[in-house]
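Q: Need a 3D model of the sequence below.
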Amino acid sequence: MVVDPRFYSPYQVELAFVRKTLTVADGILSSVLDINGNVIFIIKDKNFSLRNRHIMLDATEIPILNFQKKHRSIHRRWQAFRGESKSAKDLIFSTKKSSVIQRKITELNVFLSQNKEETVGDFKVVGDWKKRTCTVYSFDGATILGQMHNNHIDTGLLESEKNTFGITVFPNVDYALVVSLMVILYEIDKDRRMKKKMKGKKKEGGTREIIEDNEESDEESEEEDEDEEEDDLSDDSD
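A: Numbering: from 1, shown residues only. Take a look at the predicted model:
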């Protein structure tokens, strides 16, 4: 158990993640459902948040944890805290990319709060969001904790949902942890796509100087994206 004993099951758990575009007063809602279509988690993406802050709530809308991108981090580090806290004493876990340069496959190392040295991680996330594939492992890769897949569970409610995918959580695993890690993977992929989109707009509508500066292959463009991240070094080089 990492996040909350309520979400630790001795049995395999099947979930459906529904990525909504429903905007509420202070954010955008997504939901995680069980096989009967009952809401298990509500994930709220906070509007006007420079660090892409998200809050995971239970079905009664009580905050379970919140997670956000660490500012100016070359490894795109994210941190998760209990409830709505942002205090270091309430840190649950953090994630960072296993290497600065990654292409289609994203690999994240996950460190629990008590793992101060971070010499070896506690868990690992490997995924390709475009293919809707993501797996959460023990850090040595010997044990699978959870997997994302395109074949969502059939609740009778989800067939028309474009942004829906299934999550299988294996026995004796905290599924709040698994779901939050998959949302973080989604956000990292979204950041990458947004960056490429902005570069594309500059090429189409920018000045000649901007266009010339951006005449490069797709691979060079991706390498430049990573170089830009290196320029954003934080004080602790995370």
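Q: and whichever helix or strand Tyr186 is part of, average pLDDT?
A: Assessed by DSSP states H and E, Tyr186 sits inside helix 175-205. Taken as a whole, helix 175-205 has an average pLDDT of 79.
Q: Tell me which residues of it come out buried.
A: Residues of helix 175-205 classed as buried: 175-189, 192, 195, 199 (neighbour count, 16 or more other C-beta atoms under 10 Å). (C-beta placed from N, C-alpha, C; glycine too.)
Q: quick one: buried residues of stretch 85-102?
A: Leu91, Ile92, Phe93, Ser94, Thr95, Lys96, Lys97, Gln102.
Q: quick one, what contacts the first one?
A: It stands for Leu91. Applying C-beta atoms under 8 Å, 6 or more residues apart in numbering to Leu91 gives the contacts Gln79, Ala80, Phe81, Ser113.
Q: Tell me the one of these nearest Val169?
A: Ala80 (17.0 Å; C-beta to C-beta).
Q: Could you pull out the helices in the chain for me?
A: 175-205, 208-213, 218-231 (DSSP state H).
Q: quick one on the thing from earlier: report the buried members of the contacts of Leu91.
A: By 16+ other C-beta under 10 Å, those give Gln79, Ala80, Phe81, Ser113 as buried.
Q: Among those residues, which are located in strands?
A: Gln79, Ala80, Phe81 (DSSP state E).
Q: beta partners for the last one?
A: Looking back up the chat, that one is Phe81. The partner list for Phe81 in beta bridges (DSSP bridges) reads Asn66, Leu91.
Q: Spit out the contact partners of it.
A: Counting by C-beta under 8 Å, 6+ apart, Phe81 makes contact with Leu65, Asn66, Phe67, Ser87, Asp90, Leu91, Ile92.
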